[in-house]
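Student: sequence plus the predicted model coming up.
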Amino acid sequence: MASGGFIRLPGGNVVVALRLPSPGTAQGPDIRFIIHAQNRQRALTRLRNLGFRGARLSGNSEPPTPDEITAVLHHPDGLIWRPAAATDADPWQPIAALLREQMRT
């Protein structure tokens, strides 16, 4: 089940945090995505266009933390991920790294 949340930035853009099942494996660890976009719908569309068809945001139960917001705002793609069970010391990865992993399997 996907869960997540969002926060509206002072400039009107949003940062969306979303937890989704790992792609390709039904039993893999969940992945937490952080997306910077003009609005929530565009953030979800970015994930859907990458093949994450289950990307839905209902509610605001797990909004992005200040550290997650800072990480995505400083990333040129505006879309980062890491395993949901990761610690704060684990680095955020660009979406290209996840797509490369999918291509290898």
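Tutor: Okay, I see it.

Student: how much space between Arg19 and Pro10?
Tutor: 26 Å (C-beta to C-beta, to the nearest Å). Glycine gets a C-beta too; all of them are placed from N, C-alpha and C.

Student: return the distance of the residue positioned nearest the centre of the chain relative to Pro10.
Tutor: Centroid-nearest residue in the chain, with C-alpha atoms, centre = their mean: Phe33, separated by 1.4 Å. Counting by C-beta to C-beta, the gap from Phe33 to Pro10 is 22 Å.

Student: over to Ala17?
Tutor: Distance from Ala17 to Pro10, by C-beta to C-beta: 18 Å.

Student: picking up where we left off before, could you check which of Arg19 and Pro10 has the larger neighbour count?
Tutor: Arg19 (16 against 5; other C-beta atoms under 10 Å).

Student: thought that one was touching Leu47?
Tutor: No: proximity of Arg19 to Leu47 does not meet the contact threshold set by C-beta atoms under 8 Å, at 11.7 Å.

Student: which neighbours do the two have in common?
Tutor: Applying C-beta atoms under 8 Å, 6 or more residues apart in numbering, one finds that Arg19 and Leu47 are jointly contacted by Phe33.

Student: strands of this structure, start to end?
Tutor: 3-8, 14-20, 31-37, 79-83, 93-94 (DSSP state E).

Student: who does the shortest one pair up with?
Tutor: Okay, so that is strand 93-94. strand 79-83 (antiparallel) (DSSP bridges).

Student: do the second one as well
Tutor: Strands that pair with strand 14-20, judged by DSSP bridges, come out as strand 3-8 (antiparallel), strand 31-37 (antiparallel).

Student: who touches it?
Tutor: 2-9, 30-40, 43-44, 47, 52, 54-55, 57, 62-65, 68-69, 72-73, 84.

Student: and the buried ones among these, selectable in PyMOL?
Tutor: To isolate the buried ones among the contacts of strand 14-20 in PyMOL, judged by 16 or more other C-beta atoms under 10 Å, type:
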select buried, resi 2+3+4+5+6+7+31+32+33+34+35+36+37+40+43+44+47+52+55+57+64+68+69+72+84
